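A.B. asks: Pasting the sequence and the predicted model now:
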There are 2 protein chains.
Amino acid sequence: MEVPLRHHRSDVVEHAIAVLDSYGLADLTMRRLAAELDVRPSALYHHFANKQTLLAAVADELLTRGLRPLDAGEWDARLTQAASQLRDALLAWRDGAELVATVHAFGLGGQAAYDHVAQALEGSGLDEQWRATAARTVLHLVFGHATAEQTQVQASSAGAIDAEPGGVDDFADGLSLVVAGIRAEVQSRHTP
Amino acid sequence: MEVPLRHHRSDVVEHAIAVLDSYGLADLTMRRLAAELDVRPSALYHHFANKQTLLAAVADELLTRGLRPLDAGEWDARLTQAASQLRDALLAWRDGAELVATVHAFGLGGQAAYDHVAQALEGSGLDEQWRATAARTVLHLVFGHATAEQTQVQASSAGAIDAEPGGVDDFADGLSLVVAGIRAEVQSRHTP
DNA sequence: ACCTGAACACCGTTCAAGT
DNA sequence: ACCTGAACACCGTTCAAGT
């Protein structure tokens, strides 16, 4: 008789990332992950209450791996860096953007994404209300843009229409638009 | 023996909207929809090649029902109206935002959403490239914000954290930020 | 603490055949 | 043109029981 393998929570998350990156979010199933770990599906429920909780842990791990401290400097340069870094973190793994965006939307995880962007806005002089609004706006841009980029890959390889041109330049331009809008709000405080 | 019911494509879409609004996107399954139509699941594949195509048709129908011609006026007022109208259209049905955003991301439908926003930017004086970037930025804001609002409902009723405050005011503020950013770009052309 | 075995209640999709 | 019947290859989750 074979002795059953024994894993920790971190093993499960690590293998989940491998499955995500190799097969995509749609194929990151509890059963497939269990098979990859050489374990029955029910064993996963010892580590996580359900699939959503597991996905939240995976999303948090992706962010932990991808986000670094921001450079010192003006708030706008820091905000641009935060957004670009977040985008890179999401694009680093297959379907990373969709995963983190979904988890964040459900309020189960991905808080680090918001925090990262919000941190850059602390030196802007905006009040907390406006900082939160600005942070969410940037977050929606990054999530939306990165998700579109990654989805386009599988959509066009599946024969669908390639609508969104996107790419690095379009992201940078969209971001500069939002940053300019925030700057206008910042300046309206200093020049009444 | 019972004579089988006979439906058209439009019947299927109409019932799909009813199922979506009553039970949510997760419960909008081919089997459930078939049961609602009093038909075997396989019958649906006479009308649609697969589930994704059906969802695309549903998304397009939601937009057709919710979007109206924009008022005449300045580009910024028209853009604000287009974005608000789109948001209202998405929020009018349960999980409408997530559905349209997903369909749009996969390039299978929801083109009307982009067109609606892009139309408002035609009178801005921006070149096509910038108009496209601005339109996508607004679209990501609307999709992200509306999805967050609708997801928060089921997430908080399911016991998750209520992170995003959101609501009408936060959307209006985020939109005003983006509009201000676009205005800065517009003005940089006229005042060199 | 971590896992198996077995079950429950589901999915999307295909395809030959019926009217 | 539109549908049935029957199957295939999957899902997430629960729970008693094993070590």
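C.D. replies: That came through, no problem.

A.B. asks: And for residue A:9, the neighbour number?
C.D. replies: 12 (other Cβ atoms under 10 Å in any protein chain shown). All C-beta spots, glycine's among them, are computed from the backbone N, C-alpha and C.

A.B. asks: so what's the nearest residue to residue A:8 once chain neighbours are set aside up against?
C.D. replies: Distances taken as Cβ to Cβ, 6 or more residues apart in numbering or on different chains put residue A:47 closest to residue A:8, at 7.8 Å, once the chain neighbours are dropped. Contacts of residue A:47 were listed using Cβ atoms under 8 Å, 6 or more residues apart in numbering or on different chains, and they are A:7-9, A:12, A:54.

A.B. asks: what does chain A have sitting close to DNA strand D?
C.D. replies: A:4, A:27, A:29-32, A:41-42, A:45, A:49-52 (Cβ under 7 Å from any atom of the strand).

A.B. asks: Flag the least confident of these.
C.D. replies: Of all the residues of chain A next to DNA strand D, residue A:4 has the smallest pLDDT value, namely 64.

A.B. asks: Relative to the whole chain's centre, how far out is the helix of greatest length in chain A?
C.D. replies: Longest helix in chain A, counting residues (DSSP state H): helix A:128-157. Centroid separation between helix A:128-157 and its chain, computed with Cα atoms, centre = their mean, to the nearest Å, is 9 Å.

A.B. asks: With stretch A:48-55 instead?
C.D. replies: 17 Å.

A.B. asks: Stretch A:96-115 too?
C.D. replies: 6 Å.

A.B. asks: From the opening residue of it to its closing one, how far?
C.D. replies: Start-to-end span of stretch A:96-115 (Cα to Cα, to the nearest Å) is 18 Å.

A.B. asks: what comes up buried for the helix or strand of chain A with the lowest mean pLDDT?
C.D. replies: Lowest by mean pLDDT, DSSP states H and E among the helices and strands of chain A is helix A:128-157, with a mean of 92. For helix A:128-157, the neighbour count (16 or more other Cβ atoms under 10 Å in any protein chain shown) marks A:130-152, A:155 as buried.

A.B. asks: who are the neighbours in contact with residue A:116?
C.D. replies: Contact analysis of residue A:116 by Cβ under 8 Å, 6+ apart lists A:63, A:67, A:70, A:82, A:85-86.

A.B. asks: DNA strand C contacts on chain A?
C.D. replies: So far as Cβ under 7 Å from any atom of the strand goes, chain A lies against DNA strand C at A:4-8, A:37-43, A:46-47.

A.B. asks: and the residue nearest to the spatial centre of chain A, backbone torsions?
C.D. replies: With distances taken as Cα atoms, centre = their mean, the residue of chain A nearest its centroid is residue A:100 (3.9 Å). Backbone torsions of residue A:100, given as degrees, to the nearest 10, read phi -70, psi -40.

A.B. asks: repeat for residue A:31
C.D. replies: The phi/psi pair for residue A:31 (degrees, to the nearest 10) is phi -70, psi -40.

A.B. asks: how much space between it and residue B:167?
C.D. replies: 39 Å (Cβ to Cβ, to the nearest Å).

A.B. asks: do residue A:151 as well
C.D. replies: 28 Å.

A.B. asks: next one: residue A:107
C.D. replies: Residue A:107 is 15 Å from residue B:167, by Cβ to Cβ.

A.B. asks: Who has more neighbours out of the two?
C.D. replies: Neighbours were counted for residue A:107 and for residue B:167 using other Cβ under 10 Å; residue A:107 has more, 20 against 11.

A.B. asks: confidence score at that one?
C.D. replies: 93.

A.B. asks: where's the closest residue to residue A:18 other than its chain neighbours relative to residue A:61, distance?
C.D. replies: Once flanking residues are discounted, residue A:18 sits nearest to residue A:36: 7.3 Å by Cβ to Cβ, 6+ apart. Per Cβ to Cβ, residue A:36 is found 16 Å from residue A:61.

A.B. asks: cool, and residue A:17?
C.D. replies: Residue A:17 is 7 Å from residue A:61, by Cβ to Cβ.

A.B. asks: re earlier: just checking, next helix/strand downstream of the least confident helix or strand of chain A?
C.D. replies: The first helix or strand that comes after helix A:128-157 along the chain, using DSSP states H and E, is helix A:168-190.

A.B. asks: where does chain A dip in pLDDT?
C.D. replies: A:1-4, A:155-166, A:192 (pLDDT under 70).

A.B. asks: quick revisit: which of the contacts of residue A:47 sits closest to DNA strand D?
C.D. replies: residue A:54 (7.6 Å; Cβ to the nearest atom of the strand).

A.B. asks: which stretch of helix or strand covers that closest one?
C.D. replies: Counting by DSSP H and E, residue A:54 is found in helix A:51-66.

A.B. asks: After that helix, which helix or strand is next?
C.D. replies: Under the assignment DSSP H and E, the closest C-terminal helix or strand after helix A:51-66 is helix A:75-91.
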